[in-house]
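**Student:** sequence first, then the predicted structure:
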Amino acid sequence: MNRNNKDNAGKTENSGSKTPGMRIDEDIKYLFSSEKQALVRLINGALGESYDPDTTKLTVLNTEFVLQKTVSGEMEPALYDLEKIHADMIFSLDGVTYHIEFQTKADLTIAIRIIGYGISYAQSELRQKGTLDEVILELPVPVLIQIDKDESLADEIPAKIKVSGRDGALAFDITVIKLWMYDVDMLVERGFYLLLPFLLVKYRKMQKTAGSVQAFLAELQKIEEAISELYEKGLITSNLRTDLYAVIAEITRNVNLKYYGSNVEIDKELNNMEEARTIFAREIEARGEARGEARGEARGKAEVTQIIKLHVQNQPPSEISSRLGIALEKVTEVLHESGLIQ
C-alpha cells in the first residue's frame, strides 16, 4: 500500500515536497498491533468495558474488503480501487468485534464511511459462513479517534440504520476519542497508553517559534517519562516500550525536518531516543537469553511478530516476504496459523 497516496481519511500527510509525509495511519496500526493488554485497556477506557487485559482473547481481523459479483455462478472480485475499502483496525475481544477508525482533519463523511466499513466486514463474515438460512449483518462496535481539534464533534456521533417505510431504527452511535482534549496525564489515567506518541502530531500546525520548539521538547520529555513510569509499574512490556519509542522518534523526526527545519535541540533529543531504543533492545535480548531461549527460537518469534504487524498494515503476503526477506510460503503459513487468512 502506498501510504502517500491516501486521501484525508487516510491520515498520511504530504505537502508535495520531497520531505516524506507523516505516516500516522501506519504508525497507529503498527503500534495498536504491538501489545494485547494495551489495546484491551484502551477499549475498556473508551467504552466502559471490563475485559481482563491478561486473559482476554484478542483476534486481529481482516480490514480489506472486496465487493464481489456473480458471473456464470462464480464469485469474482469487483474491479475498483481497493484503497476505498480499507478500514483502519478491526479486531475481536472474547468474540466481540470492534472497529477503530482514526482521523486527523475533520471529515463530515466519517460516520458514513464507518458504517460502510462495518457493513463490508459483516458481508465478508456472511460469505465465509456460506449459508443464507438467516442473514444477519453483525457490525463491529465503532470507535473514532480524532487527532486534530474539531469542535463540531460530540462525544458520540449519533447514527442509525433504518429500513425505508418501516417503524424504528437501529442505533449505531460512534464513540469519539478527542485526542486534542487530552494531555499526557489524562491519557495515562484512562489507559490510553497507545495514543501517547500522537500528542506530538499537533505541533505540525504550530508556527515555527522558539516557544513552540520548547513546548514540543517539554511535551516530548513528559511522554518519555510517562512511558518509563508505565514500564517500571509493569503496565507495559519491554516490546511496547520499544515500539512506543520507535513511533515517537518517527513523528519527532518528521516534525523537526518538515516544520522546524532540523532544530539542533530536537536533533539532540532524537539521538538520545535512538540510544535509549538500542539499550531497550539489548535488555529484551538479554532477558530472553536469561530465560534459556535459543537465539533461533527468539529470531523466529520476532519474524512472526513482524509478519503479523505488516499484515495488520494491509501489506499483502508477497510484499511482506520481500520486505522481511522471508520465503512467501513461510509468510503464508504464519498468517494461516494465526487465523489471519483462510
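**Tutor:** Here it is on my side, so go on.

**Student:** and Glu150, how far is that from Val334?
**Tutor:** Just so we're on the same page, residue 150 is Asp rather than Glu. As for Asp150, its distance to Val334 is 39 Å (criterion: C-beta to C-beta, to the nearest Å). For the C-beta atoms, the positions are set from N, CA and C on the backbone; glycine is no exception.

**Student:** low-confidence regions, this structure specifically.
**Tutor:** Scanning the chain for pLDDT under 70 picks out the ranges 1-22, 62-87, 130-132, 281, 283-302, 338-340, 342.

**Student:** quick one, strands of it?
**Tutor:** For the chain, the strands identified by DSSP state E occupy 12-13, 22-23, 58-60, 68-71, 74-77, 89-93, 96-103, 141-146, 156-157, 160-161, 170-171, 174-178, in order along the chain.

**Student:** closest to Lys309 out of these?
**Tutor:** For the strands of the chain, distance to Lys309 was read as C-beta to C-beta. The smallest value, 9.6 Å, belongs to strand 58-60.

**Student:** other SSEs contacting that closest one?
**Tutor:** Contact partners of strand 58-60 among helices and strands, from 3 or more C-beta pairs under 8 Å, 6 or more residues apart in numbering; DSSP states H and E: helix 36-47, strand 89-93, helix 295-312.

**Student:** for those, which one sits closest to Tyr193?
**Tutor:** Closest of these to Tyr193 is helix 36-47, at 5.1 Å (criterion: C-beta to C-beta).

**Student:** now do the buried residues in the closest one.
**Tutor:** Of all the residues in helix 36-47, those buried under the rule 16 or more other C-beta atoms under 10 Å are Lys36, Gln37, Ala38, Leu39, Val40, Arg41, Leu42, Ile43, Asn44, Gly45, Ala46.

**Student:** who are the contact partners of the fifth one?
**Tutor:** Translated: Val40. Residues near Val40 by C-beta atoms under 8 Å, 6 or more residues apart in numbering: Tyr51, Asp52, Pro53, Thr56, Leu58, Leu93.

**Student:** which two of those have the greatest separation?
**Tutor:** Across these, the two members that end up farthest from each other (C-beta to C-beta) are Asp52 and Leu58, 11.5 Å apart.

**Student:** neighbour-wise, which of these two wins?
**Tutor:** Summary of the neighbour comparison: Asp52 and Leu58, criterion other C-beta atoms under 10 Å, with Leu58 having more neighbours (17 against 11).

**Student:** return the residues in contact with the more buried one.
**Tutor:** Lys36, Leu39, Val40, Phe91, Ser92, Leu93.
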